[in-house]
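A.B. asks: Give me a 3D structure for the following:
(one chain, ligands or ions: 1)
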Amino acid sequence: MTDHNKALLALLGRAPVIPVLTFETPEEAIDVSGALVAGGLDVLEVTLRTPRALEIIEALAKAFPDAWVGAGTVLRIAQAEAAHRAGARFLVSPGSTDALLRDGANFVLPWLHAAVTASEVMRLREHGRRVLKFFPAEQSGGVGVLKAWAPVLQDVTFCPTGGIDAAKAPAYLALPNVGAVGGSWVVPADSVAKRDFAGITELARAAAALSAK
Ligand SMILES: O=C(O)C(=O)C[C@H](O)[C@H](O)COP(=O)(O)O
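C.D. replies: Predicted coordinates for the structure are as follows:
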């Protein structure tokens, strides 16, 4: 197993849930991330979907040096390079392309690519990727698909993301081929609007305590 696969397994092993975060300002990002870390979730996927996302990753990496701050929604190699410069420790993409796999083959950071079909998993596997995101999980068949893959794609571990919440997560976490799940539910928009960071810590604490049920 390559070092990057090992690093991704370690990442998924830190907590059962990876919060998928979309922030507008560094101040908001630091308040919310502080609440998440206080609740026991310290792998933070910051999506590159807002204008200040790179600046936000840089601020979070400095503010929470013991946390694992990564970049999500990576669509182009230039974004991966910029995220690395900003201090991201891992990358997440909603899929994969020939160009990203070619240009990112020896990329310095562990990179979680997503797949939703057996063929996509097999293709990524041929590129040495044994730890993958399953996105969008609920919309693509959810737990049933991962159950069907477990005996045939035995050496691949998944991080299902997309449409998962606290009620749905345990069924995923019970699967042998799931390391952790990703989701935005731990940071509800109204909690951020109301600056209810204690509420976010409570959701994070409940997510960190989730296990197979
Ligand atoms: O940005 C990316 O790279 C993504 O793949 C998208 C995220 O995984 C989803 O936004 C998860 O969001 P929820 O479904 O609300 O939990």
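A.B. asks: Count the neighbours of Leu9 for me.
C.D. replies: Residues within reach of Leu9, counting by other Cβ atoms under 10 Å, total 16. The way it works is simple: take the backbone N, C-alpha and C, and place the C-beta from them, glycine included.
A.B. asks: For the protein, what lies in contact range of the ligand?
C.D. replies: 20, 47, 72-73, 92, 94, 135, 161-164, 182-184 (Cβ under 6 Å from any ligand atom).
A.B. asks: now with 5 Å?
C.D. replies: 20, 47, 72-73, 94, 135, 161-163, 183-184 (Cβ under 5 Å from any ligand atom).
A.B. asks: And the strands in the protein?
C.D. replies: With DSSP state E, the ranges of strands along the chain come out as 17-21, 43-47, 68-72, 91-92, 111-112, 114-115, 131-134, 157-160, 181-183.
A.B. asks: Save the ones you listed as a markdown table, and put in mean neighbour count too.
C.D. replies: Listed next are those as a markdown table, based on neighbours: other Cβ atoms under 10 Å:
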| stretch | mean neighbour count |
| --- | --- |
| strand 17-21 | 26 |
| strand 43-47 | 25 |
| strand 68-72 | 26 |
| strand 91-92 | 26 |
| strand 111-112 | 25 |
| strand 114-115 | 24 |
| strand 131-134 | 26 |
| strand 157-160 | 26 |
| strand 181-183 | 26 |
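A.B. asks: want to try JSON lines for these, with distance to Ile200 and mean pLDDT as columns?
C.D. replies: As requested, the strands of the chain are exported to JSON lines (distance: least, Cβ to Cβ, whole Å; pLDDT from 0 to 100):
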{"stretch": "strand 17-21", "distance to Ile200": "9", "mean pLDDT": "98"}
{"stretch": "strand 43-47", "distance to Ile200": "12", "mean pLDDT": "98"}
{"stretch": "strand 68-72", "distance to Ile200": "17", "mean pLDDT": "98"}
{"stretch": "strand 91-92", "distance to Ile200": "21", "mean pLDDT": "98"}
{"stretch": "strand 111-112", "distance to Ile200": "24", "mean pLDDT": "98"}
{"stretch": "strand 114-115", "distance to Ile200": "26", "mean pLDDT": "98"}
{"stretch": "strand 131-134", "distance to Ile200": "23", "mean pLDDT": "98"}
{"stretch": "strand 157-160", "distance to Ile200": "21", "mean pLDDT": "98"}
{"stretch": "strand 181-183", "distance to Ile200": "13", "mean pLDDT": "98"}
